[in-house]
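Asker: quick one: sequence plus predicted model below, questions after.
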Amino acid sequence: MVNLSAPSGVVVQPPQLKHQDWRSCSANAVRLVANAGSRQWCSSPSSSGRRVFGVRCEGGQRVGFLGRLGRVIKEKAKSDIQLLFSGFSKTRENLAVVDELLTYWNLDESESILDELEEVLLVSDFGPKTALKIVDTIRKDILAGRLKSGPQIKEALKKNIFKLLTERVTTTELQLGNSRPAVLMIVGVNGGGKTTTLGKLANRFKKEGVKVLMAAGDTFRAAAGEQLEVWAQRTGSEIVMAEGPKPRPAAVLSQAVRRAVEEDFDVVLCDTSGRLHTNYNLMEELRGCKRAVSKALSSAPNEVLLVLDGTTGLNMLAQAREFNQVIGVTGFILTKLDGTARGGCVVSVVDELSIPVKFVGVGEGIDDLQPFDAQSFVDALFP
């Protein structure tokens with residue numbers, strides 16, 4: 001048994017891994033490192049006196065585990081590009097006509113071909129503003145002599161879509177901070193798949209050895225708590241359930257965050273009731289839930305993720321605007337995109353609101369919630 005010692009005031013709380021060894025992190029870091037494959041973990045004090053969990057040592061630099069976790073999840077998903085490719089098959093079929101249009105492209109007929117290109121984008125729910133923006137940029141490049149062939153126009157189309165997805169958003173990775181626990185609120189309208197999405201997120205986290213606590217804040221829908229409890233069992237997570245005949249969702253979320261602090265959880269996933277964005281009282285209730293979470297832990301929530309049903313296409317824009325105005329959305333999760341040819345809505349929602357898409361649902365399997373990557377998305381639409 002290794003004798004663990006730490007500087008005064010430091011709480012050592014490594015993940016539950018199979019074997020441990022000693023390595024040097026830095027003069028101020030605890031010298032316990034739990035080594036699991038390619039991951040190395042240790043714990044160090046923060047300047048504020050709060051524990052910073054999971055410092056990783058690379059070339060003398062210390063990086064917070066939670067701060068890196070979003071990147072780790074995204075990088076691992078790059079190997080799942082085939083899932084993304086198959087998930088957007090219906091949208092890709094809609095856009096396949098682009099290749100046919102550009103095969104016969106010539107300068108004399110460029111205007112009619114560009115009009116048809118705009119129509120194709122509209123059919124796939126790129127939205128009027130976004131589609132016009134893309135086509136106008138290509139038109140200017142053609143007139144300037146920078147685009148002279150069909151293949152060049154296709155590459156320009158892909159580059160313009162990529163630019164719209166990345167130009168005004170800082171990152172698509174989860175931003176979890178450096179101190180435990182990281183708190184994520186999952187919000188959205190009825191029927192968008194919030195609870196299922198939360199369960200799939202928990203699965204992603206558990207694969208990285210993260211200690212997850214679920215909060216059953218959907219106290220309205222029948223059996224919502226029981227559904228989340230099944231996900232907790234399936235993913236090996238723990239859960240805080242509502243108690244009493246008329247539980248308040250804010251109280252459930254607050255209780256979960258306090259428990260997470262006391263029992264050293266890494267991540268809290270907060271489920272919430274579905275609500276129409278036009279219902280003032282329910283939106284104010286959601287605002288109260290966020291206040292309760294922040295009161296329980298000043299740094300929370302780290303993320304407010306709005307789940308949007310991809311089958312609704314551009315109708316999701318109104319939902320996104322209202323939720324963002326009320327609660328301050330930090331990222332989108334678009335679900336059910338495998339069942340629709342309206343995948344262009346991904347571009348429109350980012351272009352119009354400058355809020356990143358962080359995950360996309362491309363199937364019903366537990367691993368079919370994919371971290372969003374702009375380049376992979378563009379390649380899946382235009383191979």
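Answerer: Everything's here; your move.
Asker: tell me if residue 333 really is in a strand.
Answerer: Yes. Assignment of residue 333 by DSSP: H, G, I helix; E, B strand; the rest coil places it within a strand.
Asker: pop out the phi and psi values for residue 323.
Answerer: When quoted as degrees, to the nearest 10, the phi and psi of residue 323 stand at phi -60, psi -40.
Asker: residues in contact with it?
Answerer: For residue 323, the contacting residues are 187, 188, 277, 283, 306, 329, by C-beta atoms under 8 Å, 6 or more residues apart in numbering. To be clear about C-beta, it is placed using only N, CA and C from the backbone, and glycine gets the same treatment.
Asker: turn those into JSON lines, columns for neighbour count.
Answerer: JSON lines is the format used below for the contacts of residue 323 (neighbours: other C-beta atoms under 10 Å):
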{"residue": "187", "neighbour count": "25"}
{"residue": "188", "neighbour count": "27"}
{"residue": "277", "neighbour count": "21"}
{"residue": "283", "neighbour count": "19"}
{"residue": "306", "neighbour count": "29"}
{"residue": "329", "neighbour count": "23"}
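Asker: list the ones among those residues that fall in helices.
Answerer: Among the contacts of residue 323, the ones falling in helices (DSSP state H) are residue 283.
Asker: which of the contacts of residue 323 lies closest to residue 104?
Answerer: Distance to residue 104, by C-beta to C-beta, is smallest for residue 306 among those, at 41.6 Å.
Asker: if you skip the residues just before and after it, what's nearest to that closest one?
Answerer: With sequence-adjacent residues excluded and distances taken as C-beta to C-beta, 6 or more residues apart in numbering, residue 306 is closest to residue 329, at 4.6 Å.
Asker: against residue 303, how distant is that neighbour?
Answerer: Residue 329 is 9 Å from residue 303, where distance means C-beta to C-beta, to the nearest Å.
Asker: could you report the neighbour count for residue 133?
Answerer: 16 (other C-beta atoms under 10 Å).
Asker: try the one 10 residues further on
Answerer: Counted with other C-beta under 10 Å, the neighbours of residue 143 add up to 11.
Asker: just the pLDDT for it.
Answerer: If you check residue 143, the pLDDT there is 91.
Asker: please name the residues that touch it.
Answerer: Neighbouring residues of residue 143 by C-beta under 8 Å, 6+ apart: there are none.
Asker: would you mind confirming that residue 270 makes contact with residue 303?
Answerer: No. Using C-beta atoms under 8 Å, residue 270 is not in contact with residue 303, being 10.0 Å away.
Asker: between the two, which contacts overlap?
Answerer: With C-beta under 8 Å, 6+ apart as the test, residue 270 and residue 303 both reach 183, 184, 185.
Asker: identify those among those that sit within strands.
Answerer: Of the positions in the shared contacts of residue 270 and residue 303, 183, 184, 185 sit in strands, assigned by DSSP state E.
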